[in-house]
Structure formats: structure tokens, C-alpha cells
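Trainee: any chance you could fold what I've pasted below:
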Amino acid sequence: MASGRRYAVGVTVVPLSAGSEPPEAASWREPETLPQMLPSGRTAAENAALLRQITAAESMLAGLRVQAVVELAAARPDTADRRVGRRAEVEEPGPGELPGVSEFFADELALVLSCSRTAASTLADECAALAERLPATLAALDAGTLDWPRARAIAGELGWKARAVDPAVVAEVEAAVLPEARHLSIRQLVAAVRRELAARDAAASDRRRADAERNCDVTVRPIGDGVSELVARMPHELAEACRRAVDSDAWGAKRDGDDRPLGVLRTGALADRVLQSWDEPRPSVTASITVDVPLTALAADWSGAEGGPAPVAFRPGARPAPTAEVDGEPVTAAHVRRLLAQLDAIGLRAPAGGSLRYAITDDAGGLLAVATDRELRAAARRGCRTHPAGGGADPDGVCRCPVLEVPGPVDRYRPTPGQVRYLHTRDRTCRHPGCANRAVWADADHVVAHALGGETRCENLCCLCRRHHRVKTHAPGWIHAMAPDGTLTVTTPSGVSRTSHPYRRRRAATAGRSRDPGPPLLSLTAARVLTGRPAHPPDPPVDDDPPPF
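Mentor: Below you'll find the predicted structure:
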């Protein structure tokens, strides 16, 4: 349109036969980006028209996505599942669990679209509703006269939520709201759908409320900088009552002279009401803490316990400050000491009812070993079995033999406690790409099945939540492969591959067992530095049983 030139934005679908190429394939070159293809210097009216065309094109693409999702679902019948009829342990199918479709379809769709399983389940339900129950809405989407946010708002209200509503009633509601849908905001459109549905099916509102109450829960959502949101989903009247109680407590503290911001006072009031720290019979709050200890952090000029000599630096280099992580949030050593002080556990010891473990890492962050405080001290007392009298092969006379390392393989199916602890520390979450379920609730799964010769060793084990463990075991066509550094590649039956990396990657293929002369795992010197004991000469070895590694 600028300078006499006219242009438009649209969607063109060109069918190609199998193995064929576009006519211009021989002279194909990298296309220009859209901003480069369109003339610059557009007027405000031209940009407004362009934006309307883009919205219509996005609507058409959304209609095409609906068709693709529905057809992919049709290609995954539940009859192909290896255990027909054994769905996940739920009372009834939820959003995204379509009748006659594999229970693992949403998991595949999530990897195809690189989104969460929740988002994939919601999309599958919306697409099924548009294709099966809302033909007029889908037609408007295909024509570009209704945008995707409004189409999905209608589908969200008349899809799984209205699964018990007569299809004729759904059609009447669609006919009532669709003509004005494009002129309403999303909130107004949702309210209109609910109003029309309640007028035609009074029981629908009661069913929706019951569904919503069954989904009530309390979750924690980290937002960064050491702060998280505590989200409580509950009936509206209960939420209002909780808010009034917390607000009243906060204003009371303000009247008593507390000059902190009112929001901070509300937060403290909520914590006091929930934790009730004054109630003696209640169990005290505790924590499970993992302290990351880089090997280079042990090369500092620290003094040994009880006036012993300073430990010999067994690995040269600058010393980074030791760091720790509390439930996923990175904190400094000072933060850890403050937390432990609040939990009556001074000096990096396990809090009452909780646990403390050390994750020994190399310079690149590779996980070399995991040990509790008791196991670390036992290794320091036991010393090196190869050099029980002290000394070693190095010119400085310091023994560098490893006393802690990656748990070794076992000749059985069930992993050892040491292997499980190592996996939890290495993986932190379920290793299925995109899944954030905590490893402590996950299964230690054999990547190469034990029945097919897979060893029970850390290099062949990873954490999978029960949901994705079932995907790997019972869904046909899925491929799982793990690289030596712990990177897991998952390939869907449709050929889409996604990867996930362990939170703490391993070093070499065998994490220190290879013949490549890399840095030591955890030498006796390192163990003594961590436990505050003199590093050299070593104490006489004690005939303790080795840690359960």
C-alpha cells in the first residue's frame, strides 16, 4: 500500500505429494523475514490493517492446529496401550484424557509442542470440544473471523467442564453467544457462556462448583530472589474469611507499633496462624539441606580442628565460596548458617527431623559423590585402605586416593539407598523433559530395562515420576536414551525428540572409573577438610564398615 504498492498477510496451504519438492526447489534460497518482505514506512492506518490481517491469519493457523491435534489423537487409540484400561489412578478421566484415546497422548503432545503436560491436556480438551461439540465456533476460527483466545474461552467452558451437559444444550449456548463473541472481552465472553448455560441447565453450575472444589489445593510457586508464592485454591467464602483474619492480625501488629509494611505483616500473620509455633505438641518445622561443595573450595588455607595443621591444598586454583541449596533456591554459606541457627542446628549439622548431605562437585559442577555428615566423618576416620600409615605416591607425601565416589553397580533390580540418594541429588526432579515433579517422589528407573540386561548402576538409572515411568513402561513407540553425562533424550512415537539435563551433571562416562587421569574424586585430604579434622598426617584407620554406597 505504501508508494502505490499493495500487500496482504494470509495463510496458504500447498499440498505436496510424498517425495516431491516445490517447483522452485532447485533455485531455493533462504527466505527473507516478513519484516524485510514488507515495505517500511507504513502509515498508522496501514499498520492497523496489517494487525487485523495478522490476527485473522493466526486464527486460521489455530484452526489448522485444532485439526492436527484431533488427527494425532485419532492415531493414538487406547487399544494400543500395553495395559488396556489401566489408566492413571484417578476417579474419572480429567482434562486432556479423551475417550478412546491413549492415556499417554497428552504426554506426547507436550513434547511435540514443547510445553507442559497441563498445557497439552488443556489444548487437547479444547481442540476436541471445538471439533466435536462446537462446529460453528471452529468454522469462525477457520475463517479468521474469531480469534483463538475467544474460541478457546468458549471451548474451555463448553468442553470438559460441560461434559455432562446435553449436546443440544451446548449447541443452543454456542448459538446464543457466538454472534457477539468478537465484541466481548474474554472475561465478558466467559460470563456470557456461563449465564446462558445456567439458564438452560440449572444443575450445570452445581456440577462445575463440585468439580472446582475437588481441584482445591495448596501449592508453592517460586518467583525468584529467595521468595515464593503460597497459592491456596479454596471456595470463595473461605478465602475471604482467611483474608479478613490475616488482615486483622496485620493491622493489630501495626497498631502495636510494628513499622514494617502491611504486606509483610500479613505474610507473618499467615505464617503464624498456619505454623502455630507456640503449640508445643505440634512437630517443629524442619528442612532437608544439600550443600554443594566444589573441590576447589577445599584448597583454602583453613586450619584443622583442635589446632591441627592447615590442610594441604590437593587441587590448585582459586577458591569459590561454598554454596548450598535449600529446596532449589541457591543461597550462600551465610544463609545456610542462619537457617540452621533458626532450626537449632548450629555448625552445618542436620536439623532435628531433617537431613543434611554434601554434594561433592568438580570444577565444572559435575557430581562426584554424595555423603551425609555421618558418612563423611566415617570416611575421614577410616582413612585410605591403600595407605593406612599415611603418605602416598605424590612428591608431597599426601594421599590422594578416593574415599568417596559414585555408588557402584549392584547385581539386583532394586537400587541401593546410596544409589537412590545419589540420583535424587543429581537429578533433583523427574527427568522427563519439562516435568518438575520432585525426585523424592520419583522412581529410580532403569533407562535400559533390567529385564533386557540393563545394569543397576547410576549410569543406567534416572528419576522418573510415576506418571512418566508409566509412559516409558506401558506406552508403545517411546524411546529413552541416556548419555554418559546423564543427559536424557526422549523420543515420541511421532519422532519428536526432547532432552533433559541432570541438575548436577556427572563427569566422565563412568564418573571417575575411566582410565583417563582426571582430577581425584574425594581424597582423604578433602574428607578431612570437610569434617574439620587435620588433613595430614591421617589418623590411624578405624575398622568401620564402609558407607552404604
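Trainee: measure the residue nearest to residue 82 when sequence neighbours are not counted to residue 102 for me?
Mentor: Using CB to CB, 6 or more residues apart in numbering and skipping the chain neighbours, the partner closest in space to residue 82 is residue 474 (4.5 Å). All C-beta atoms are positioned from the backbone trio N, CA, C, and that covers glycine. Distance, residue 474 to residue 102, by CB to CB, to the nearest Å: 10 Å.
Trainee: overlap in contacts, those two.
Mentor: Both residue 474 and residue 102 are contacted by residue 81, under the criterion CB atoms under 8 Å, 6 or more residues apart in numbering.
Trainee: the more surrounded of these two?
Mentor: Neighbours were counted for residue 474 and for residue 102 using other CB atoms under 10 Å; residue 102 has more, 24 against 16.
Trainee: what residues are up against that one?
Mentor: 76, 77, 78, 80, 81, 475.
Trainee: I figured the third one hits residue 100, correct?
Mentor: If I follow you right, that is residue 78. Yes - the criterion here is CB atoms under 8 Å, and residue 78 meets it with residue 100 at 6.0 Å.
Trainee: so if I had to pick from those two, which one is more boxed in?
Mentor: Comparing residue 78 with residue 100 by other CB under 10 Å, the one with more neighbours is residue 78, at 17 against 10.
Trainee: quick one: the helices in the stretch 351-500 of the chain?
Mentor: All helices of the stretch 351-500 of the chain, identified by DSSP state H, counting those that start in this stretch, fall at 373-382, 417-427, 466-474.
Trainee: ranking these by burial, who's on top?
Mentor: Compared across the helices of the stretch 351-500 of the chain, helix 417-427 shows the largest average neighbour count, a mean of 22 (mean count of other CB atoms under 10 Å).
Trainee: tell me what the top helix by length along the chain is packed against?
Mentor: In the chain, taking DSSP state H as the definition, the longest helix is helix 44-74. Packing partners of helix 44-74 (3 or more CB pairs under 8 Å, 6 or more residues apart in numbering; DSSP states H and E): helix 105-113, helix 117-132, helix 135-143, helix 148-158.
Trainee: those helices: which one's closest to residue 212?
Mentor: Taking CB to CB, helix 148-158 is the member of the helices and strands packed on helix 44-74 nearest to residue 212, at 12.7 Å.
Trainee: now do the longest helix of the chain against helix 117-132, angle only.
Mentor: 90 degrees (axes from the mean of the first three to the mean of the last three CA atoms, to 10 degrees).
Trainee: please report how far residue 267 lies from residue 220.
Mentor: 14 Å.
Trainee: ok, those two, which is more surrounded?
Mentor: residue 267 (16 against 9).
Trainee: to residue 181, which of the helices of the stretch 351-500 of the chain lies closest?
Mentor: Nearest to residue 181, of the helices of the stretch 351-500 of the chain and by CB to CB, is helix 466-474 at 35.7 Å.
Trainee: which neighbouring elements make contact with that closest one?
Mentor: Looks like helix 466-474 contacts helix 105-113, strand 443-446 (3+ CB pairs under 8 Å, 6+ apart).
Trainee: could I get the ones you listed as CSV with mean pLDDT, mean neighbour count and distance to residue 41?
Mentor: Formatted as CSV, the helices and strands packed on helix 466-474 follow (pLDDT from 0 to 100; neighbours: other CB atoms under 10 Å; distance: least, CB to CB, whole Å):
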stretch, mean pLDDT, mean neighbour count, distance to residue 41
helix 105-113, 95, 23, 37
strand 443-446, 94, 22, 59
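Trainee: who wins for proximity to residue 429 among the ones you listed?
Mentor: Nearest to residue 429, of those and by CB to CB, is strand 443-446 at 12.8 Å.
Trainee: by contact count, what packs against the closest one?
Mentor: helix 417-427, strand 461-464, helix 466-474.
Trainee: quick one: which of the ones you listed is nearest residue 490?
Mentor: helix 466-474 (8.3 Å).
Trainee: quick check: angle from that closest one to helix 105-113?
Mentor: 90 degrees.
Trainee: pLDDT of helix 466-474, averaged?
Mentor: Mean pLDDT, helix 466-474: 93.
Trainee: okay, that helix in CSV with CA atoms only?
Mentor: Output of helix 466-474 as CSV, limited to C-alpha atoms (Å, rounded to 0.1, in the frame of the first residue of the first chain):
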residue,chain,number,x,y,z
ARG,A,466,5.2,-42.4,38.4
ARG,A,467,3.3,-40.8,35.5
HIS,A,468,6.3,-40.7,33.2
HIS,A,469,7.6,-44.1,34.5
ARG,A,470,4.3,-45.5,33.2
VAL,A,471,4.8,-43.7,29.9
LYS,A,472,8.2,-45.3,29.4
THR,A,473,6.9,-48.8,30.5
HIS,A,474,3.5,-49.0,29.0
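Trainee: what comes into contact with it?
Mentor: Under CB under 8 Å, 6+ apart, the answer for helix 466-474 is 81-83, 86, 88, 104, 107, 117, 430, 432, 435, 437, 441-443, 445, 464, 478, 480.
Trainee: make a ChimeraX selection of the buried ones in those.
Mentor: The following ChimeraX line selects those of those that are buried, judged by 16 or more other CB atoms under 10 Å:
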select :81,104,107,117,430,432,435,437,442,443,445,464,478,480
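Trainee: separation between residue 376 and residue 386?
Mentor: Residue 376 is 19 Å from residue 386, by CB to CB.
Trainee: wouldn't residue 173 be in contact with residue 197 here?
Mentor: Yes - at 5.2 Å, residue 173 counts as touching residue 197 under the criterion of CB under 8 Å.
Trainee: of the two, who's got more company?
Mentor: Neighbour comparison, residue 173 and residue 197: the larger count goes to residue 173, with 27 against 24 (by other CB under 10 Å).
Trainee: and the more buried one, what element?
Mentor: helix 167-181 (DSSP states H and E).
Trainee: now the angle from the very next helix or strand once past that helix to helix 148-158?
Mentor: Using DSSP H and E, the helix or strand that follows helix 167-181 in sequence is helix 186-200. Going by the same axes, to 10 degrees, helix 186-200 is angled at 30 degrees with respect to helix 148-158.
Trainee: what packs against helix 186-200?
Mentor: Packed next to helix 186-200, using 3+ CB pairs under 8 Å, 6+ apart, are helix 148-158, helix 167-181, helix 202-214.
Trainee: which helix or strand lies directly C-terminal to the last one?
Mentor: Sequence-wise, the next helix or strand downstream of helix 202-214 (DSSP H and E) is strand 217-224.
Trainee: residue 145: neighbour count?
Mentor: Per other CB under 10 Å, the neighbour tally for residue 145 reads 13.
Trainee: list the contacts for the nearest residue to it once chain neighbours are set aside?
Mentor: Nearest residue to residue 145, sequence neighbours excluded (CB to CB, 6+ apart): residue 182, at 6.9 Å. Contacts for residue 182 (CB under 8 Å, 6+ apart) come out as 145, 146, 147, 150.
Trainee: what score does residue 182 have for pLDDT?
Mentor: 93.
Trainee: go on, residue 189?
Mentor: pLDDT, read off for residue 189, is 96.
Trainee: and for residue 539?
Mentor: 38.
Trainee: check residue 247 too.
Mentor: With respect to pLDDT, residue 247 scores 93.
Trainee: repeat for residue 226
Mentor: In this model, residue 226 carries a pLDDT of 82.
Trainee: and it, how close does it get to residue 439?
Mentor: Taking CB to CB, one finds residue 226 at 22 Å from residue 439.
Trainee: more neighbours: these two, which one.
Mentor: The neighbour comparison of residue 226 against residue 439 (other CB under 10 Å) goes to residue 439, with 23 against 11.
Trainee: for the more buried one, give its distance to residue 474.
Mentor: Residue 439 is 21 Å from residue 474, by CB to CB.
Trainee: so what's the backbone phi/psi at the residue nearest to residue 145?
Mentor: phi -70, psi -10 (degrees, to the nearest 10).
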